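Colleague: Sequence plus the predicted model coming up.
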Amino acid sequence: MSYKPLAIEDYGLIGDCASCALVGRNGSIDWLCWPRFDSAACLAALVGTDQNGRWLLAPADSGARTERRYLDDGLVLETVFETDQGSVALIDFMPIDVAAPTIIRVIEGRRGAVDMTMNLRLRFDYGTSVPWVTRLPDDGGITFIAGPALAVLRTTVPLEGEDFATVSRFTVAAGERVSFVMTYGPSHLPVPAALDVDSELTRTKRFWSDWTGRSAIEGPYADAMKRSLVTLKALTYAATGGIVAAPTTSLPEQVGGPRNWDYRYCWLRDATLTLIALMRGGYDQEARDWRDWLHRSIAGSPEQLQIMYGIAGERQLMEWEVPWLDGYENSQPVRVGNAAAGQLQLDVYGEVVAALYLARRQNLRQPSHGWSLQVGLVEHLEQIWREPDEGMWEVRGGRQHFTVSKAFCWMAFDRSIRDVEEYDLPGPVERWRQVRDEIRDTVLREGFNQEKNSFTQIFNGRALDASLLLLPTIGFLPADDPRMLGTVAAIEKELVADGFVLRYRTDDEVDGNLDGLPGNEGAFLACTFWLADVYVQQGRMDEARALFERLLGLRNDLGLLAEEYDPRLNRQVGNFPQAFSHLALFATATHLNDRNVPLRGEADGTAEHKAA
Ligand SMILES: OC[C@H]1O[C@H](O[C@H]2O[C@H](CO)[C@@H](O)[C@H](O)[C@H]2O)[C@H](O)[C@@H](O)[C@@H]1O
């Protein structure tokens, strides 16, 4: 019978700040893209079958009980298997800053003597290219070559070929250790040198514990917040400062459905929020790296601003479907690339400008061209804010006048005006004030439905959208404004299902099938955190805490969250782990710890509107 990938929450993440791998609680690495997050996967069983590549290292007794944890608060994963023969620990990690990307797997015997099995089936090019396998004469390593890619596997136990895979069967007794080291390299260069397992393990543990030790996070939710920060750090491409939305492609938003997307790119929306979390966590260097990535990526003509880029700022992210991959539990298609790169999403202007404003407030060193870049964006926005767009949810059913898109345009002007006022920067501030006020009036007039007593997803529409919960967070209206009270009540009534928040209704298309997609999706975790944020802003602290803690309960045993949750199946769905969910978790926890912390520099704006 062919191998079926595990439930999404049964995976753990390891990474080296260039790429990541997903390790199943069964000891199988089912997802790995080498050498970068967005490279073709060479282990792709996660969205296919074992024939598309996986690396199993586990007791031969497949009925073993497992427990997992990260060592020293970092990203070194320990999975302990308990079998009738005894107990072993599997330690998986990717060393940081090595000459060539590497995964190290160490088996430690803890009790008894356990029969083990290792089965490596590497398939380059997203699970399709069978490599040419040879043995190295000097150190017994095995090399795998397919086109430009090479991998070398070194171990102290005998390896053999079987059914187009590399396998090993061995026994580990208490106190014994066996290691496997697999390294990637370009096939035209010499095979990468062997690494010393113990010193790499010590170095990697120290890297992560030093990193987490730098954060100033305290309070009742500190552990969850730190895990979210480590996850965000793991999604960072250290060489450029770019941050991917998630390390996977096409984990489905509905199991068996077509809502499957490639998240291995940098969305300005997601990444600017990561910047804010990193700044709050005390990680100024990472925040600076990302801000510099942003400046380089969007450099040039403001009309060419994209909503997302590749991890080095690449602009062409052509979307295609991978015909040979069956998809996660038959969720097809598996997509590579993302056509959303060509969309207009007006909220992104607000996100970017607000993040730059916050960076200034946080005293991040500013490059000289930073302000002129921002002015260019705002001037371009002045020309286009009246246009319809694809919105924050990246609909594929055609452009609309999304209420929240316009409110975020308001934010772009609001923060730029404050930049001029607070930092004495040059800009046509009078004109910007007029545009800001015009946008605000338009949103209040066209985006609010009197009959429903609620803001709506699109201008003059009736359908709701959970992103409206962000209006107080960005400072557009205070949370206790009667229009927000009405909106929150309407969202609670229409968008909350099984206690979690849907982005919008996909089953009841009041204003038409706006997203243009068939099928439904799970509850969107970030939106549910946003509801908790509004509860905090409205002083409904008990409800906020209860909702937040229910969300914390959805994390897997390692503290990781996917994009969505399917309450019917009681499973995480969507790409995993997702920055958006972890960012939202971090923000809500910050907010619960101190209600007065402005989540996006909004406090002054809200006060200003209260006074008006
Ligand atoms: O739902 C349709 C869209 O779904 C994806 O976008 C979502 O993920 C992004 C990254 O986290 C996030 O920024 C966005 O707000 C979400 O809607 C997908 O990438 C899109 O191509 C797709 O149209």
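Modeller: Nice, thanks for sending it over. Numbers count the residues shown, from 1 in each chain.

Colleague: other SSEs contacting the longest strand seen in the chain?
Modeller: Identified as the longest strand of the chain according to DSSP state E is strand 102-121. With contacts taken as 3 or more Cβ pairs under 8 Å, 6 or more residues apart in numbering; DSSP states H and E, strand 102-121 sits against strand 54-59, strand 86-93, strand 165-173, strand 177-186, helix 197-213. C-beta: built from backbone N, CA, C; applies to glycine.

Colleague: Listing partners with orientation, what would you give for it?
Modeller: Applying DSSP bridges, strand 102-121 is found paired with strand 54-59 (antiparallel), strand 86-93 (antiparallel), strand 165-173 (antiparallel), strand 177-186 (antiparallel).

Colleague: neighbouring contacts of the third one?
Modeller: When you say that, I think you mean strand 165-173. Here strand 165-173 makes contact (Cβ atoms under 8 Å, 6 or more residues apart in numbering) with 60, 86, 88, 107-109, 112-122, 133, 142, 153, 155, 157-161, 178.

Colleague: what about burial for these, which qualify?
Modeller: Buried subset of the contacts of strand 165-173 (neighbour count, 16 or more other Cβ atoms under 10 Å): 86, 88, 107-109, 112, 114, 116-122, 133, 142, 153, 155, 159, 178.

Colleague: Enumerate the residues of the stretch 151-300 of the chain near the ligand.
Modeller: Selection of the stretch 151-300 of the chain residues close to the ligand by Cβ under 6 Å from any ligand atom yields 245, 261, 263, 267, 269-270.

Colleague: Tell me which entries of those residues lie within helices.
Modeller: Judged by DSSP state H, those include 269-270 as members of helices.

Colleague: Farthest-apart pair in the residues of the stretch 151-300 of the chain next to the ligand, please.
Modeller: Greatest spatial distance among those (Cβ to Cβ): Trp261 and Arg269, at 14.1 Å.

Colleague: ranges for the strands of the stretch 1-150 of the chain?
Modeller: If DSSP state E, counting those that start in this stretch is used as the criterion, the strands of the stretch 1-150 of the chain fall at 11-15, 20-24, 28-33, 41-43, 54-59, 65-71, 76-82, 86-93, 102-121, 132-135, 142-146, 149-155.

Colleague: What are the phi and psi values at the residue nearest to Arg503 when sequence neighbours are not counted?
Modeller: Distances taken as Cβ to Cβ, 6 or more residues apart in numbering place Phe524 nearest to Arg503, at 4.5 Å, with adjacent residues excluded. Note on Phe524: backbone dihedrals following degrees, to the nearest 10 are phi -90, psi 120.

Colleague: Return the most buried member of the helices and strands packed on strand 102-121.
Modeller: Across those, the average number of neighbours (mean count of other Cβ atoms under 10 Å) peaks for strand 54-59, which reaches a mean of 25.

Colleague: Around the ligand, which positions in this protein sit nearby?
Modeller: Residues of the chain lying near the ligand (Cβ under 6 Å from any ligand atom): 245, 261, 263, 267, 269-270, 338, 340, 392-394, 396, 580.

Colleague: Just the residues you listed: which are in strands?
Modeller: Using DSSP E, Trp267 are the members of the residues of the chain next to the ligand that sit in strands.

Colleague: want to throw the residues of the chain next to the ligand into CSV with pLDDT, distance to Thr231 and neighbour count?
Modeller: Formatted as CSV, the residues of the chain next to the ligand follow (pLDDT from 0 to 100; distance: Cβ to Cβ, whole Å; neighbours: other Cβ atoms under 10 Å):
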residue, pLDDT, distance to Thr231, neighbour count
Ala245, 97, 12, 25
Trp261, 97, 19, 23
Tyr263, 98, 13, 26
Trp267, 96, 16, 26
Arg269, 92, 17, 22
Asp270, 88, 13, 24
Asn338, 98, 21, 22
Ala340, 97, 22, 21
Met392, 97, 22, 22
Trp393, 97, 23, 20
Glu394, 96, 22, 19
Arg396, 93, 28, 15
Phe580, 95, 11, 24
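
Colleague: so how far is Leu13 from the closest residue to the ligand within the stretch 401-550 of the chain?
Modeller: Residue nearest to the ligand within the stretch 401-550 of the chain (Cβ to the nearest ligand atom): Asp515, separated by 6.2 Å. Using Cβ to Cβ, to the nearest Å, Asp515 is found at 29 Å from Leu13.
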